[in-house]
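Asker: Kindly return the folded structure for what I paste below:
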Amino acid sequence: MARFQANDKLILVKHVPGARRKRLVYTLTAVFISAAIAYLLGYVVAGAKLDNAISSLQRLSSEHQMLKKEEQQLRQTVANLESGRAIDEQAKQQIQDTISGLRSTVARLEKDVSFYKNIMAPSDNAKGLQVQNAEIEETSEDRRYAYKIVLAQVADNKNYVSGVVAINLIGSNGGTQEVIPLRDVSEREELGIKFRFRYFQNIEGELTLPADFIPASIQVVAQSKGKTASRIEQSFDWGTLTAN
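Answerer: Prediction:
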């Protein structure tokens, strides 16, 4: 049994029925209120952060759309520049082709003018039947060539001149010199080709070289008939003709 000392104090507490229960209720209420306040504060802070996040997202989305628009504009600018450059290149090429065509036309006209001048007024005072020109040009077929021989009546053009002309290929086959008539390598059937003209006449067609034949020159022999009959013979180097 506990003993009380003389200096011990006895404190009397008034007994209030239900006090402990009230304290418990007050404590729980305080805890609940604190939790509610903390939740509300957290909600407010989270809401503010969410608002900031939404604003940032909207701003980034706007910037993204703007950048996409700028990218499209830049792509269109590049495409326009590329198209403009292509058009410039095309126009430049067309101009160059036109100039080239004009030069070819001028060269052809100069050649034609020279041709007619030589017929009407030859510089060397030559007159009568002449072999004015010879041309050889490769075709798309192997060893097949287009040819054109031009006979002309120089200076004296009042009357027609007529006769026959023979065209031969001179070259070698297996180291042996060979002369091949035009009719043997072309569709012509006659050995002597008839002509009749006042100014000039073209004799043209295509020929095919034999397999082992190496051409060296083309020989043209023309014989006119009548009171002023004459015979002319002229050879043209094959390499020179095909190089033109």
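Asker: which residues in the chain form helices?
Answerer: Using DSSP state H, the helices found in the chain span residues 19-120, 238-243.
Asker: what is the mean pLDDT for the first one?
Answerer: The average pLDDT for helix 19-120 rounds to 67.
Asker: How is this protein divided into domains?
Answerer: What automatic domain parsing lists as the domains of the chain is 21-120, 126-243.
Asker: Give me whichever of those is most buried.
Answerer: Compared across the domains of the chain, domain 126-243 shows the largest average neighbour count, a mean of 15 (mean count of other Cβ atoms under 10 Å). To be clear about C-beta, it is placed using only N, CA and C from the backbone, and glycine gets the same treatment.
Asker: Mind checking the pLDDT average for that one?
Answerer: For domain 126-243, the mean per-residue pLDDT is 90.
Asker: please begin residue numbering at 47 from this point
Answerer: OK, 47 is where the count begins now, so the last one is domain 172-289.
Asker: For Q118, see how far away M112 is.
Answerer: 11 Å (Cβ to Cβ, to the nearest Å).
Asker: now swap in S276 and tell me
Answerer: Going from S276 to Q118 by Cβ to Cβ gives 82 Å.
Asker: now do S208
Answerer: S208 is 79 Å from Q118, by Cβ to Cβ.
Asker: For the closest residue to D283 other than its chain neighbours, list each beta-bridge partner.
Answerer: Using Cβ to Cβ, 6 or more residues apart in numbering and skipping residues adjacent in sequence, the residue nearest D283 is S263, 5.4 Å away. Beta-bridge pairing for S263 (DSSP bridges): I216, D283.
Asker: S263 touches T286, doesn't it?
Answerer: No - the pair S263 / T286 is not scored as a contact, 9.1 Å apart, by Cβ atoms under 8 Å.
Asker: partners of the nearest residue in space to F246 that is not next to it in sequence in the sheet?
Answerer: Once flanking residues are discounted, F246 sits nearest to A198: 4.1 Å by Cβ to Cβ, 6+ apart. A198 has these beta-bridge partners by DSSP bridges: Q176, F246.
Asker: and A257, what does it touch?
Answerer: For A257, the contact set (Cβ atoms under 8 Å, 6 or more residues apart in numbering) comprises R189.
Asker: Report the separation between it and R189.
Answerer: 8 Å.
Asker: now swap in Q142 and tell me
Answerer: Taking Cβ to Cβ, one finds Q142 at 34 Å from R189.
Asker: which residues are in contact with both of S263 and T286?
Answerer: Joint contacts of S263 and T286 (Cβ under 8 Å, 6+ apart) do not exist.
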